[in-house]
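Engineer: Model the following, please.
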Amino acid sequence: MKLPRTTLFLILLALGLGSFVYFYEIRGATVREEIKEQKQQIFSFAEDDVQALTVKTKKLTLNLERSNQSSNSKWLIKSPISEPANDAIVSYLMDLLVKGKSDAYGGKLSTLPTPANELGQFGLDEPQATINITLKNQQSHQLILGRSNFNGRLLYAQADPPTKPNGNVNVLLVSTDFQNAVNRELSEWKQPVDNVKSTPLPSNLPLPTPTNAK
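Structural biologist: The predicted model follows:
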């Protein structure tokens, strides 16, 4: 039996729409999500991979190194002073570096291909902070923090910028938590002093003599 031309057209149209829905909406959604997650992650190293950090702001250059002594602080300040670091403060920054992602608008990655000579508009020519990361395998990474975006909710940044930019470079949008993590006074980076323990009084002190009431 020969099908009417209109019916045949509707069947072909339905098959075409079904194929589009499968490949774009179902199968394509999985691929797009995997690509999105892969590109959004700033760095791929783990916390235990990091051996040293250098945090450079406009007020301070701080060198941190992982301690080999388990009984003391996990991190040590190597310069501008030499003493144990505040593990909570360093761990906060480390968590951002390990888990940090580039935020997205409307489902699109916040990676902006930008000519190298236009980095100044993002505050990346004179950054507010630069974080250098050295891994135990001697590999190194760098995160440069620029100025805030138009609504102040995110920061422009560069991860592992090329030594000699050729053409466009990628500008990221990262959390302002990075700004809070690095813009600190030196005293905040130092291990806090334990004021709970007090010095015991000598045992040979004379006891106070009670006053006789009249």
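
Engineer: In this structure Ser175 contacts Leu96, no?
Structural biologist: Yes. When contacts are counted by CB atoms under 8 Å, Ser175 is listed as touching Leu96 (7.1 Å). Using the backbone N, CA and C atoms, a C-beta is placed for each residue, glycine as well.

Engineer: The two - which one has more neighbours?
Structural biologist: Each of Ser175 and Leu96 has its neighbours counted (other CB atoms under 10 Å); Leu96 has more, 20 against 17.

Engineer: Can you tell me the SS state at that one?
Structural biologist: helix (DSSP: H, G, I helix; E, B strand; the rest coil).

Engineer: what about Leu15, helix or strand, and which?
Structural biologist: Leu15 belongs to helix 5-20 when assigned by DSSP states H and E.

Engineer: ditto for Arg184
Structural biologist: Here Arg184 is assigned to no helix or strand, by DSSP H and E.

Engineer: I'd say it and Tyr92 touch.
Structural biologist: No. With contacts defined as CB under 8 Å, Arg184 does not count as touching Tyr92, sitting 10.1 Å away.

Engineer: ok, those two, which is more surrounded?
Structural biologist: Using other CB under 10 Å as the criterion, Arg184 and Tyr92 rank with Arg184 on top: 17 against 13.

Engineer: show me what contacts the more buried one?
Structural biologist: Applying CB atoms under 8 Å, 6 or more residues apart in numbering, one finds that Arg184 lies in contact with 60, 89.

Engineer: What does it show for phi and psi?
Structural biologist: Dihedral pair for Arg184: phi -130, psi 160, per degrees, to the nearest 10.

Engineer: The lowest-mean-pLDDT helix or strand in the chain: what's the following helix or strand?
Structural biologist: Every helix and strand of the chain was ranked by mean pLDDT, DSSP states H and E. The lowest is strand 108-109, at a mean of 42. Next along the chain after strand 108-109, taking DSSP H and E as the criterion, comes strand 112-115.

Engineer: Check for me that Lys56 belongs to a helix.
Structural biologist: No. Counting by three-state DSSP, Lys56 is not part of a helix but strand.

Engineer: Skipping its backbone neighbours, what lies nearest it in space?
Structural biologist: Thr130 (4.7 Å; CB to CB, 6 or more residues apart in numbering).

Engineer: got the phi/psi numbers for that neighbour?
Structural biologist: phi -130, psi 130.

Engineer: residues in contact with it?
Structural biologist: 55-56, 142-145.

Engineer: Go again with 10 Å.
Structural biologist: By CB atoms under 10 Å, 6 or more residues apart in numbering, the residues touching Thr130 are 54-57, 61, 124, 142-145, 158, 182.

Engineer: What is the nearest of these to Leu12?
Structural biologist: For the contacts of Thr130, the minimum distance to Leu12 (CB to CB) is 50.2 Å, reached by Gln158.

Engineer: coming back round to it: overlap of the contact sets of Arg184 and Tyr92?
Structural biologist: Common neighbours of Arg184 and Tyr92 (CB under 10 Å, 6+ apart) are Asn86.

Engineer: Domain-wise, how is this structure divided?
Structural biologist: With domains defined by automatic domain parsing, the chain comprises 10-37, 41-189.
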